[in-house]
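1. Sequence first, predicted model second:
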Amino acid sequence: MKVSRFAKKPSLPVIIACSVFIIVSCFAYFLALDRVQLQVDGKTFTFRTIKPTVKAVLAERKILLNPGDMVVPDVNTPITENLHIQVTRAFPVFIKTANGKFEYYTVERSVRDVLLSANVAFDEDDRISPGLDQVVKANQEIEVVDVSSKVLTTVVPLKAATEYRRDTNLEKGTQKVIQQGEDGLAERQIKVVYENGQEKKRIVIAEKILKPRVNTIIALGIKPIIRVLETSRGSYRYYDVKVMDATAYSPGPESCGVYAKYGRTYTGKKAGFGLVAVDPRVIKLGTKLYIEGYGLAEAADIGAAIKGNRIDLCFETYREAIMFGRKKVKVYILSE
């Protein structure tokens with residue numbers, strides 16, 4: 001069979017029919033497209049799609065979802081006209097609990113919502129840092145310390161204390177037991193606080209005295225013991241003796257400088273032999289003394305350098321003061 005080298009051209013009606021079919025198909029396809037708005041990574045895209053679900057649209061647009069990313073509406077939601085799809089990227093935080101520390105990806109902003117979404121149990125007694133209402137930042141650590149408590153009831157001894165009372169009828173250095181002490185008993189309710197299962201502290205919340213304790217009372221003697229000092233100059237009654245560092249001065253300008261013109265002690269007496277300077281915290285001003293190697297004296301003056309266990313003896317002349325020098329002496333506190 002011989003074929004013509006020229007094909008028969010389609011007729012005009014056929015061409016028209018094909019064109020109409022193509023136009024109708026394109027129109028039908030266009031009608032089948034839905035307008036969609038997609039918001040992701042800070043950008044918004046508006047387009048038309050024939051994909052049936054949100055998941056398919058994301059795949060069409062090559063949007064990869066990472067762990068914790070949130071898609072609204074759900075990825076299985078059918079596509080409808082003017083559907084708005086929002087993809088919120090998750091960021092990492094670190095959650096530390098009694099069971100350890102783990103990384104968690106979230107889109108939540110407050111500590112409370114992060115913990116709830118991560119299924120981390122907590123209650124009002126737990127210590128959570130940062131606070132539940134704080135805004136979480138990427139890579140921030142959230143610590144949840146499990147705080148629990150229980151109440152114990154126990155009987156405890158009450159140790160007797162010792163009271164000391166000054167007694168002017170007892171000589172100084174002696175003591176006497178006035179009342180013998182005895183331990184008591186108490187029933188206590190103790191709140192034991194645990195953090196992550198470890199005991200942290202104990203708090204006494206109630207106490208009931210079962211047996212009162214009785215304190216020991218001891219009387220301390222403060223009555224001065226009067227002794228007699230025998231010297232070549234006579235006998236002196238004293239109640240205390242101190243070993244002190246002694247120096248010497250004279251009323252003149254060699255020792256007293258510009259103050260020599262006053263010629264008076266701190267107590268107003270005319271400076272001279274027998275008047276000495278002391279620290280009033282150690283020996284009261286006006287106290288009568290007998291000083292080894294010096295004789296009778298009265299604490300009548302003070303000095304900037306005379307502090308603590310020091311005493312400064314007044315001589316009539318500068319030469320006598322120099323000759324005395326500096327030495328340790330016994331200072332007897334005389335009884336009036």
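-> Received it, and whenever you're ready, just let me know what you need.
2. just so I have it, where are all the strands in the stretch 1-150 of the chain?
-> Remark: strands assigned in the stretch 1-150 of the chain by DSSP state E, counting those that start in this stretch are 34-40, 43-49, 70-72, 83-88, 91-97, 100-106, 127-129, 141-145, 147-158.
3. Let me have those strands in TSV, extended by distance to Arg112 and mean pLDDT.
-> No exception for glycine: its C-beta is placed from N, CA and C like everyone else's. Formatted as TSV, these follow (distance: least, C-beta to C-beta, whole Å; pLDDT from 0 to 100):
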stretch	distance to Arg112	mean pLDDT
strand 34-40	26	91
strand 43-49	30	92
strand 70-72	17	93
strand 83-88	18	94
strand 91-97	13	96
strand 100-106	12	95
strand 127-129	9	95
strand 141-145	10	97
strand 147-158	17	95
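4. Of all those, which one comes closest to Lys211?
-> Lys211 lies closest to strand 147-158 among these, at 7.8 Å (C-beta to C-beta).
5. just how off-centre is the closest one within its chain?
-> The chain centroid and the centroid of strand 147-158 are separated by 26 Å under C-alpha atoms, centre = their mean, to the nearest Å.
6. Pull out the buried positions in the helix or strand that it is followed by.
-> Next helix or strand after strand 147-158 toward the C-terminus (DSSP states H and E): strand 162-171. Neighbour-count burial for strand 162-171, with 16 or more other C-beta atoms under 10 Å as criterion, is recorded at Asp167.
7. give me the low-pLDDT residue ranges for this structure?
-> Applying pLDDT under 70 to the chain flags residues 1-32, 258.
8. Now do the helices for it: every range, in order, please.
-> Using DSSP state H, the helices of the chain run over 12-32, 54-60, 111-117, 253-256, 318-324.
9. Next, format the strands of the stretch 1-150 of the chain as a markdown table and append mean neighbour count.
-> Output for those, formatted as a markdown table (neighbours: other C-beta atoms under 10 Å):
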| stretch | mean neighbour count |
| --- | --- |
| strand 34-40 | 17 |
| strand 43-49 | 12 |
| strand 70-72 | 15 |
| strand 83-88 | 16 |
| strand 91-97 | 17 |
| strand 100-106 | 14 |
| strand 127-129 | 14 |
| strand 141-145 | 17 |
| strand 147-158 | 12 |
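10. Let's have these in CSV, adding distance to Tyr164.
-> What follows is the strands of the stretch 1-150 of the chain, written out as CSV (distance: least, C-beta to C-beta, whole Å):
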stretch, distance to Tyr164
strand 34-40, 82
strand 43-49, 84
strand 70-72, 74
strand 83-88, 74
strand 91-97, 53
strand 100-106, 57
strand 127-129, 45
strand 141-145, 46
strand 147-158, 20
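11. Can you check which of these gets nearest to Leu285?
-> strand 147-158 (47.0 Å).
12. got the contact list for the closest one?
-> 125-127, 183-195, 205, 209-213 (C-beta atoms under 8 Å, 6 or more residues apart in numbering).
13. Swap in 10 Å and give it another go.
-> Applying C-beta atoms under 10 Å, 6 or more residues apart in numbering, the external contacts of strand 147-158 come out as 122-128, 182-197, 199-214.
14. Among these, name the buried ones.
-> Buried among the contacts of strand 147-158 by 16+ other C-beta under 10 Å: 122, 126, 128, 184, 186, 190, 195, 213.
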